[in-house]
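S.K.: sequence first, then the predicted structure, then my questions.
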Amino acid sequence: MPIPRILLADCDSYFVRCAMLADPEGAGRSDLVIVGGRADARGVVTSASYAARTFGVHAGMPMATAVRLCPKAVFVPVPGEMVTRKHHEVRAVLDEFAPLVEAASVDEFFLDMTGTEMLYRNETLEATALRIQQAVMDRTGISISIGGATGRTLAKMAASVNKPYGVHIVPPGGEAEFMARFELADIPGVGPALAESLRRRGATMVRDVAMLDLPTLVSWLGDSRAEWLYRLSRGQDTGRVATHRPQKSVSHERTFSKDVADPEELETRLMMLAVDTGASLRADNLRGRTVTVRIRYGDFTDKSASRTVPDPIESDRAIYTVARELLRGLLRKRGGGVRLLGVGMSKLVGEDEEDEELVLFRDAPDGAETERDRKIAQASDRLRGKFGKEAIVPARIVQRSVRDGTRGRGGSQP
DNA sequence: TCTGGGGTCCTAGGACCC
DNA sequence: TCTGGGGTCCTAGGACCC
């Protein structure tokens, strides 16, 4: 077996860079740029420029706090179109260099360079990485940092060493030594909860864990997590680049600018979310069997309810019908101010994976999705595609908007 | 004006089946 | 009149990532 050679290409402050490219006269002229939601609508920071970070601003921070810390910054919403466009552009360049590329997120790509030594005339992996970095910058205007190692987790950690616009390759055989410098919390997958539970037992650094035997770690963390951390702390990383990861779920959720307690208003919001979720599902040619409704109350406690139906559904009506029952069940258990509402679909199947015979000859159970539901939903997708999202608004929302004297979008738009 | 939105993965208990 | 024992599916919750 050849030695795996895996690179992680990570775009540097990606959303900020996209915002600057999208608005060269505004955001593009400032080095203090903060991308995120609205301060008056419970928004948070999505990404901050390096200069803004020196003021203490960081991703996930409430926007209102960011405004206080760095009032002179240019504040911009997420430049969605540019984010998507540059993602494809960067990917296209990477595809020219690597036989296998996996987009791990909108701004991160794994490249499997295993077996490409001859192709690159035995130049070092670092030299190849530098050429990739240059090509991406020249052709897309996006700055990337690249990490390289024998596994994906180490490659990702290597990319963080020289950010921004850096390259760091872990030499084969040097994995354990490379890991020893990090805190446990630096490992992707070790979040606040796990880091704290390890800290309480006296382990803060990766090297603290590397000294432990497996049974001790198992007694702390259980089998699977113990084995994972045991191996990683010794530099053993079996993470490879995947060819294809099928999507597991689709969801839409909304935090309201003010908590909502009125059940009727919540059902209206739920319908909008069901419509969004159905549209996303159909855009990807998917159907789903499990509907999940999520509520976050004003005190930040989360509750969810889900139901799995016998046959996959995709229409707004079918999704909403199940979601509404789930919402009513949740509100029966606890009413009061709701901060966030969400609708999700899982147990997804592709349109073509379905058993045609079953679909044709089955008795439709009460309330089940019919062919008519699907046609209606697909027609509304076409209208939305042509005239925009506002073109199709469920009847109930229109009535409500007329009554309230609004267009039914209050607080829900970024 | 504290705390977004879209995901993945894991766990644990109960139902159900053989 | 002592509680079998897996496997699978479903549900709820939580940690974690960008």
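M.R.: Received, thanks. Computed from a prediction, not measured in an experiment: that's the story for all the values here. Residues are numbered from 1 along each chain as shown, chains lettered A, B, ... in the order given.
S.K.: can you tell me the SS state at the one residue in chain A that gets nearest to DNA strand B?
M.R.: Among all residues of chain A, residue A:40 sits closest to DNA strand B, at 2.7 Å; criterion: CB to the nearest atom of the strand. C-beta here means a position set from N, CA and C on the backbone, and glycine is covered the same way. Using DSSP: H, G, I helix; E, B strand; the rest coil, the structure places residue A:40 in helix.
S.K.: what is the burial count for it?
M.R.: Neighbour count of residue A:40, defined by other CB atoms under 10 Å: 11.
S.K.: and the pLDDT for it?
M.R.: Residue A:40 is assigned 93 on the pLDDT scale.
S.K.: what about it, distance to residue A:62?
M.R.: Counting by CB to CB, to the nearest Å, the gap from residue A:40 to residue A:62 is 11 Å.
S.K.: got the contact list for the residue in the stretch 101-250 of chain A that DNA strand C sits nearest to?
M.R.: Nearest residue of the stretch 101-250 of chain A to DNA strand C: residue A:191, at 2.0 Å (CB to the nearest atom of the strand). Counting by CB atoms under 8 Å, 6 or more residues apart in numbering, residue A:191 touches residue A:185.
S.K.: same question, the one 10 residues further on
M.R.: Contact criterion CB under 8 Å, 6+ apart gives residue A:220 as the residues in contact with residue A:201.
S.K.: now whichever residue of the stretch 301-414 of chain A sits closest to DNA strand C, what's its secondary structure?
M.R.: Residue of the stretch 301-414 of chain A nearest DNA strand C, by CB to the nearest atom of the strand: residue A:308 (3.2 Å). Per three-state DSSP, the local secondary structure of residue A:308 is strand.
S.K.: just give the nearest non-adjacent residue to it, would you?
M.R.: residue A:290 (4.5 Å; CB to CB, 6 or more residues apart in numbering).
S.K.: lowest-confidence helix or strand of chain A?
M.R.: Using mean pLDDT, DSSP states H and E, helix A:356-361 stands out as the lowest-scoring helix or strand of chain A, at a mean of 44.
S.K.: show me what contacts the residue of the stretch 301-414 of chain A closest to DNA strand C?
M.R.: A:289-290, A:347.
S.K.: redo the residues you listed as CSV? Include pLDDT, secondary structure and distance to DNA strand C.
M.R.: Below are the contacts of residue A:308 laid out as CSV (pLDDT from 0 to 100; DSSP: H, G, I helix; E, B strand; the rest coil; distance: CB to the nearest atom of the strand, whole Å):
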residue, pLDDT, secondary structure, distance to DNA strand C
A:289, 97, strand, 7
A:290, 98, strand, 5
A:347, 97, strand, 6
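S.K.: are any of these buried, and which?
M.R.: A:289-290 (16 or more other CB atoms under 10 Å).
S.K.: wait, the residue nearest to residue A:308 sits on residue A:305?
M.R.: No: applying CB atoms under 8 Å, one finds residue A:290 not in contact with residue A:305, separated by 11.0 Å.
S.K.: report pLDDT for the residue nearest to residue A:314 when sequence neighbours are not counted.
M.R.: Leaving aside its chain neighbours, residue A:314 sits nearest to residue A:287 (4.4 Å; criterion: CB to CB, 6+ apart). For residue A:287, the pLDDT comes out at 96.
S.K.: can you pull the contacts of residue A:287?
M.R.: Residue A:287 is in contact with A:281, A:312-314, A:348-349, A:351, A:354, counting by CB under 8 Å, 6+ apart.
S.K.: just those residues: which are in strands?
M.R.: The strands, defined by DSSP state E, take in A:312-313, A:348-349 from the contacts of residue A:287.
S.K.: I'd guess residue A:115 is in a helix, am I close?
M.R.: No: under three-state DSSP, residue A:115 falls outside any helix and is assigned coil.
S.K.: could you report the neighbour count for it?
M.R.: Count around residue A:115 with other CB under 10 Å applied: 12.
S.K.: what's the closest non-adjacent residue to residue A:300?
M.R.: Leaving aside its chain neighbours, residue A:300 sits nearest to residue A:339 (7.3 Å; criterion: CB to CB, 6+ apart).
S.K.: go on, residue A:64?
M.R.: residue A:39 (4.6 Å).
S.K.: report whether the helix or strand where residue A:328 lies contacts DNA strand B.
M.R.: In this structure, residue A:328 sits in helix A:316-333 according to DSSP states H and E. No: using CB under 7 Å from any atom of the strand, helix A:316-333 never reaches DNA strand B; the gap is at least 13.5 Å.
S.K.: put the alpha carbons of that helix into PDB.
M.R.: C-alpha atoms of helix A:316-333 as PDB (Å, rounded to 0.1, in the frame of the first residue of the first chain):
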ATOM      1  CA  ASP A 316     -45.200  20.900   1.100                       C
ATOM      2  CA  ARG A 317     -48.700  19.700   2.100                       C
ATOM      3  CA  ALA A 318     -47.600  16.300   3.300                       C
ATOM      4  CA  ILE A 319     -44.600  17.700   5.200                       C
ATOM      5  CA  TYR A 320     -46.700  20.400   6.800                       C
ATOM      6  CA  THR A 321     -49.500  18.000   7.800                       C
ATOM      7  CA  VAL A 322     -47.100  15.900   9.800                       C
ATOM      8  CA  ALA A 323     -45.100  18.900  11.100                       C
ATOM      9  CA  ARG A 324     -48.300  20.600  12.400                       C
ATOM     10  CA  GLU A 325     -49.300  17.500  14.400                       C
ATOM     11  CA  LEU A 326     -45.800  17.300  15.900                       C
ATOM     12  CA  LEU A 327     -45.800  21.000  16.700                       C
ATOM     13  CA  ARG A 328     -49.200  20.700  18.400                       C
ATOM     14  CA  GLY A 329     -47.900  17.800  20.500                       C
ATOM     15  CA  LEU A 330     -44.900  19.800  21.600                       C
ATOM     16  CA  LEU A 331     -47.000  22.800  22.500                       C
ATOM     17  CA  ARG A 332     -49.300  20.600  24.500                       C
ATOM     18  CA  LYS A 333     -46.400  19.600  26.700                       C
END
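S.K.: helices or strands next to that helix in the packing?
M.R.: Using 3 or more CB pairs under 8 Å, 6 or more residues apart in numbering; DSSP states H and E, the elements in contact with helix A:316-333 are helix A:263-283, strand A:286-297, strand A:302-313, strand A:338-350, helix A:371-387.
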